[in-house]
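Q: Sequence below, structure please.
(chains A and B)
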Number of protein chains: 2
Amino acid sequence: MSDKTVPSKPRYARDVSQWDRETDIAVVGFGGAGGCAAIEAADSGAQVIIFELASASGGSTALSSAEIYMGGSGGTRVQKACGFEDDTEDMFTYMMMAAGPQADEAKIRNYCENSVEHFNWLSDTLGVPFKDSFHKERAIMCLTDDGLLYTGSEKAYPYVQHAKPCPRGHNLYIEGDNGGPLFMKIVTENVEKRENIAVEYETRALTLIVDDNGHVVGLVVRQNQQELNVRARKGVILCAGGFVMNEDMLKKYAPKLSRGTQAIGNPGDTGSGIQMGMAVGAAAVNMHEGFISLPYYPPATMTGGIVINDKGQRFINEDVYHGRLGDIALRQESDRLFFILTVEQYGDYEKMNFLGASIAGTGESVAELEAELGLRTGTLQQTIKLYNEDAAQGEDTQYHKAAEWLEVLEPPLVALDITPGRGAFVPYFTLGGLDTLPTGEVITSDGHTIPGLYAAGRTACGVVRRAEGYSSGMSVGDATFSGRLAGRQAAGH
Amino acid sequence: MSDKTVPSKPRYARDVSQWDRETDIAVVGFGGAGGCAAIEAADSGAQVIIFELASASGGSTALSSAEIYMGGSGGTRVQKACGFEDDTEDMFTYMMMAAGPQADEAKIRNYCENSVEHFNWLSDTLGVPFKDSFHKERAIMCLTDDGLLYTGSEKAYPYVQHAKPCPRGHNLYIEGDNGGPLFMKIVTENVEKRENIAVEYETRALTLIVDDNGHVVGLVVRQNQQELNVRARKGVILCAGGFVMNEDMLKKYAPKLSRGTQAIGNPGDTGSGIQMGMAVGAAAVNMHEGFISLPYYPPATMTGGIVINDKGQRFINEDVYHGRLGDIALRQESDRLFFILTVEQYGDYEKMNFLGASIAGTGESVAELEAELGLRTGTLQQTIKLYNEDAAQGEDTQYHKAAEWLEVLEPPLVALDITPGRGAFVPYFTLGGLDTLPTGEVITSDGHTIPGLYAAGRTACGVVRRAEGYSSGMSVGDATFSGRLAGRQAAGH
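A: Sure thing, here's the model as predicted:
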């Protein structure tokens, strides 16, 4: 073994001459997953140390809007107060469709059945505030203090055909896009008030320590330029985030994300937790998948436009979640992608153009716009003719955009260039990680557990598997829920 | 550790009470990669044992057509004799485009620069016969004894815009689809005549043996219901195939292949070699990718037809390799996929319908066929109007099918239903495996080698990365080439 301690090579316990720290459970990373793991483990009676690379808690959860995807069992307090009844089976069906063929059914089942309990824990045990109010506008993030909104494709084709829609995005009781910092402030206060949790900041986890049976018994950390050996009697919980900041890993594992323009995450999302797990034989799964998006709304009125490829063809219902539209758009074999709007729909988009898309053309007629975009004569005309016939009838017979968004596209028209690489903002983050049981126990590629090793949040691969089925709130929902499960399981180890 | 020896848990050398076999190099698997690895290692002076699960050599190479993708450096003997000059840079550009963003540039560079040498080795050292003749017909496999044919998308858009096309599929000098068995017969004879190679059949590799430094020093095999500890002084070369026969791994790693109907490979392609590597910290990469295809030709005349989705739209140039068409077809958000042909093009397709596609409709006019397929009125009419205008002009302005395949589609027309799951034959196999250096040394996710461990063929992840860029002959080309490199490197260890 090289002298350099790297996450891809474990240390053997027999080579440890002294233990610098001893605890029941070592948690790597103090974001939403690590914080909730520590709290749940501590509340189960275990002694916990959290090791955090940064000088403060937060992780990527603090950078997010901290919407939390919850529902089922008739509804959370907020859902019920807003007049929604949410059946667990509808939530399950939606999340299974969202995850696709690689869905982890056991995890999704567990998530949906215990989601209301999770809401209650966040609300009652941690004290996270949610207002009993519904935000009606279509939004990427809720800028009001409303407690509930639609954050996915629940009302859109094809999901709506299989699962009764219900809003499940729970937004913290705070104005503006400030949910993430507030959420992590509350989690951090909960950690600090528990005497059996210690936190060591500015401490980098280097690699795991295994015994002669391959069991994980601790980890090596670096603090003040010193390597410390940490003994974790009950195990190590890796909550160190994903790998969106690791260029080499992105290229090898998630090539599709190379089309994104903006990595979403904190600087510590270098995949080191995933690499530490792989080094002791853990399987990393779903590594090719990531969230990638063309965030074309707000304003919601954009949904009345159509998206076309360089053949002048539509290819999706434009009322889906922006991640689904982005993912499917990026799959098109097309040199250009355009968003076509009426001047009225375009309105003052320039002022709030989150997407950063520039105008590719305008036209007093469809034919004029078609020519200006360099499309073959007749192609966009045919597309808009069909769309307008459908809009007039109130049914999108081809792509099934919901009737509420169907408006005849009357020139003058505007076309935005939404081609990735031509100015549009294309955010991305990873959705692959260590394979785990629903309990958070890390497993090998043939399903054996690795005793003493747990993972949660983005270091694990949870209920969220695909950009095309993503909904806002699924990440923080999964991180906090999976963190709790891992904490509880490790405490009982 | 469990008592059961599984590929996902290594054995520790200190737990080995006796070595039942000792050799320089242990090769796991006797297909094309394992055979070539053993020969090259033996010719470099090493003592080798090949352990093969089956009762005979062959692996998936023997089941293939054994076309071998080679060229560059001005051309192989066959290419030159057939009048083709093949520039290394054109081959490199083509293979880089084929592999996409996850391309391993160092491996592709090495492959292209040494491909003619590889041809010479196969031909001169092993005695593999290739006839100096060019097969002009577009084919999935060469049923004549011709030595050279186009086996990919070299002449098709977008490749042709960036790299000068050259045929690189080398076919063995034998009539019918019999290249695979002949190739493995020759490799096996070469193995048998080398005194420093032993072969043990009906022997299952169970897991690797590692020393206290994490170096691979041997492996555990099972033979006659006995576990044997094999010491490999110079290392172990894993050539145990891919994981197409492992349902659990397919679901976890390569969900897209769930749309295929026929796994292509031998029963031993269970991913055990990949799992053995992962158990000692190796990275498995590109695991989500696989070959998947709609093999719609022969006859080549099918190329004159067009493929459409359930919106009546084309989405690809139909002169690409069938794997590229299949992969892109499967990406369409479409309930149905159709192949539209004239009655003349259809000809006696029924007799040689390799694809197994049934007739979805016929029409004396485009409008009639459109209605019969349940397409919206005007959509297929528009598509065929545009296509026919282009065909008449000799230029496919939208999808860039080469002029030689452009024919005006004059009714009566036939539509084949090529939707996966509705009768069409959709073959698939995996393209992910252990990450290696070009030398065959297995590496971790942060690029460290694992001393004593090598992989080749489908157990490794080589130059072939995507269905959409696949060409026939790339797999056996990669297997034999990477096997040789690993054999040579291990022998020098």
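
Q: right, is the lengthiest strand in chain A up against chain B?
A: Longest among the strand segments of chain A by residue count, using DSSP state E, is strand A:226-238. No. Strand A:226-238 does not reach chain B (CB under 8 Å from any CB of the partner chain); its nearest approach is 14.1 Å. (Glycine included, C-beta is placed from N, CA and C.)

Q: What strands line up against that strand, and which way round?
A: strand A:21-28 (parallel), strand A:216-223 (antiparallel), strand A:449-455 (parallel) (DSSP bridges).

Q: winner for burial among the ones you listed?
A: strand A:449-455 (a mean of 26; mean count of other CB atoms under 10 Å in any protein chain shown).

Q: so how far is the very next helix or strand once past it off the chain centroid?
A: Later in the chain than strand A:449-455, the nearest helix or strand by DSSP states H and E is helix A:474-491. Remark: helix A:474-491 is offset 14 Å from the chain centroid, using CA atoms, centre = their mean, to the nearest Å.

Q: between helix A:474-491 and strand A:449-455, how big is the angle?
A: On the basis of axes from the mean of the first three to the mean of the last three CA atoms, to 10 degrees, helix A:474-491 is oriented at 130 degrees to strand A:449-455.

Q: tell me what helix A:474-491 is packed against?
A: strand A:21-28, helix A:32-43, helix A:59-63, strand A:68-69, helix A:105-113, helix A:115-120, strand A:226-238, strand A:449-455 (3 or more CB pairs under 8 Å, 6 or more residues apart in numbering or on different chains; DSSP states H and E).

Q: closest one to B:Ile174 among these?
A: helix A:105-113 (48.0 Å; CB to CB).

Q: give the contact list for the closest residue to A:Arg336 other than its chain neighbours.
A: Once flanking residues are discounted, A:Arg336 sits nearest to A:Asp310: 4.4 Å by CB to CB, 6 or more residues apart in numbering or on different chains. A:Asp310 sits next to A:Ser334, A:Asp335, A:Arg336, A:Leu337, A:Leu375 when contact means CB atoms under 8 Å, 6 or more residues apart in numbering or on different chains.

Q: Now do the phi/psi pair for A:Asp310.
A: When read as degrees, to the nearest 10, the backbone of A:Asp310 gives phi -80, psi 0.

Q: State the pLDDT value of A:Phe30.
A: In this model, A:Phe30 is scored at 98, pLDDT.

Q: Name the nearest residue to the residue nearest the centre of chain A, ignoring sequence neighbours.
A: Compute the mean C-alpha point of chain A, and by CA atoms, centre = their mean the closest residue is A:Ser475, 3.5 Å away. Distances taken as CB to CB, 6+ apart place A:Val464 nearest to A:Ser475, at 6.2 Å, with adjacent residues excluded.

Q: for A:Glu52, same thing?
A: A:Phe30 (3.9 Å).

Q: List the residues that contact that neighbour.
A: Applying CB under 8 Å, 6+ apart, the residues near A:Phe30 are A:Ala38, A:Ile50, A:Glu52, A:Ala54, A:Ser57, A:Gly58, A:Gly59, A:Thr188, A:Val191, A:Val199, A:Tyr201, A:Cys239.

Q: Check the secondary structure at it for me.
A: coil (DSSP: H, G, I helix; E, B strand; the rest coil).

Q: Also A:Leu208?
A: Assignment for A:Leu208 (three-state DSSP): strand.

Q: For the stretch 251-400 of chain A, which residues are neighbours of chain B?
A: A:251-253, A:255-256, A:258, A:271, A:274-275, A:278-281, A:283-289, A:311, A:313, A:315-316, A:328, A:331, A:333, A:376, A:378-379, A:382, A:386, A:397-398.

Q: Which residue comes closest to the residue of the stretch 351-493 of chain A found nearest chain B once chain neighbours are left out?
A: Chain B sits closest to A:Thr444 of the stretch 351-493 of chain A, with a gap of 3.5 Å, by CB to the nearest CB. Excluding its sequence neighbours, the residue lying closest to A:Thr444 (CB to CB, 6+ apart) is B:Ser8, at 3.5 Å.
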